[in-house]
Structures are given as structure tokens and as C-alpha cells.
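Asks: Below: sequence and its predicted model.
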Amino acid sequence: MKPKFPLGQLVATPGALRALAEAGQSPAFFLEKHQSCDWGDVDSEDKRANDEALLTGARLLSAYKTLRGVRIWVITEAADDEGGRASTTVLKPEEY
């Protein structure tokens, strides 16, 4: 599937990497979902905000669970008003 937006620089926190390793999953799996606009387990307000952010270039937030039930967030930060993206971080919510 063609990505819907750029990710910018990719980073991940130690806690997220540990949770993914324990679940036997790759960050790429969640990054692909995020970049295809599958926002995961976010409420309708966050889904609307993400859909609007695709047009405005604002921050994007997705929330997923690993196969072991650990919550993972993927956040892509805005870089400019033209849809550029500074970076994308994979993290656990408590690491925010």
C-alpha cells in the first residue's frame, strides 16, 4: 500500500522496543499501519483530528496493542504547514 504521508526521522523508546521484542513484533508492522491511516485504538475525536492533520500537516497519533497486550503509540510530528513531517516516534504511553 502506498504511504499516505512521510514519517520523517524514525525513533523508538527503549520501553517500546522491549515490548515489541517480547511480543515478537517489528516496529515496521505498526509504522505501516500508521502510515496507511489505520489509526488503531484511538477514539473518534482523535480519528477526526488525524484525518484533519493529513490536510493541515498537524501531528498524527495512532495507538495499538502488541500481541501481548502492551499499548504502543506511534506519533508523527509536524514539520511545516505543507504536510512535511519532522519525525515519528514509537513509544509506550507512559514514556510520553
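Replies: Cool, the structure landed. Keep in mind the model is a prediction, meaning the values are calculated, not measured. Numbers count the residues shown, from 1 in each chain.
Asks: how long is stretch 51-63 from one end to the other?
Replies: End-to-end distance for stretch 51-63: 15 Å, by CA to CA, to the nearest Å.
Asks: average pLDDT across it?
Replies: Here stretch 51-63 scores 93 as its mean pLDDT.
Asks: quick one: contacts of it?
Replies: 4-5, 30, 33-34, 37-42, 46, 49-50, 71-85, 93 (CB atoms under 8 Å, 6 or more residues apart in numbering). In short, each C-beta sits where N, CA and C put it, glycine included.
Asks: Can you list the low-confidence ranges for this protein?
Replies: Along the chain, segments meeting pLDDT under 70 span 83.
Asks: got the residue ranges for the helices in it?
Replies: 14-23, 27-35, 44-56 (DSSP state H).
Asks: In a markdown table: those helices, plus mean neighbour count.
Replies: A markdown table is the format used below for those (neighbours: other CB atoms under 10 Å):
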| stretch | mean neighbour count |
| --- | --- |
| helix 14-23 | 16 |
| helix 27-35 | 18 |
| helix 44-56 | 13 |
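Asks: looking at those helices, which is closest to Lys65?
Replies: Taking CB to CB, helix 14-23 is the member of the helices of the chain nearest to Lys65, at 9.1 Å.
Asks: How about the contacts made by the most centrally placed residue in the chain?
Replies: Closest to where the C-alpha atoms of the chain average out (CA atoms, centre = their mean) is Val74, at 2.2 Å. Contacts for Val74 (CB under 8 Å, 6+ apart) come out as 30-31, 34, 61-64, 88-90.
Asks: repeat that for 10 Å
Replies: Applying CB atoms under 10 Å, 6 or more residues apart in numbering, we find Val74 in contact with 7, 12, 16, 27, 30-31, 33-35, 39-40, 60-64, 88-91.
Asks: In contact with the closest residue to Ile72 other than its chain neighbours, which residues are there?
Replies: Nearest residue to Ile72, sequence neighbours excluded (CB to CB, 6 or more residues apart in numbering): Tyr64, at 5.0 Å. Taking CB under 10 Å, 6+ apart, we find Tyr64 in contact with 25, 29-30, 33-34, 38-42, 70-74, 90.
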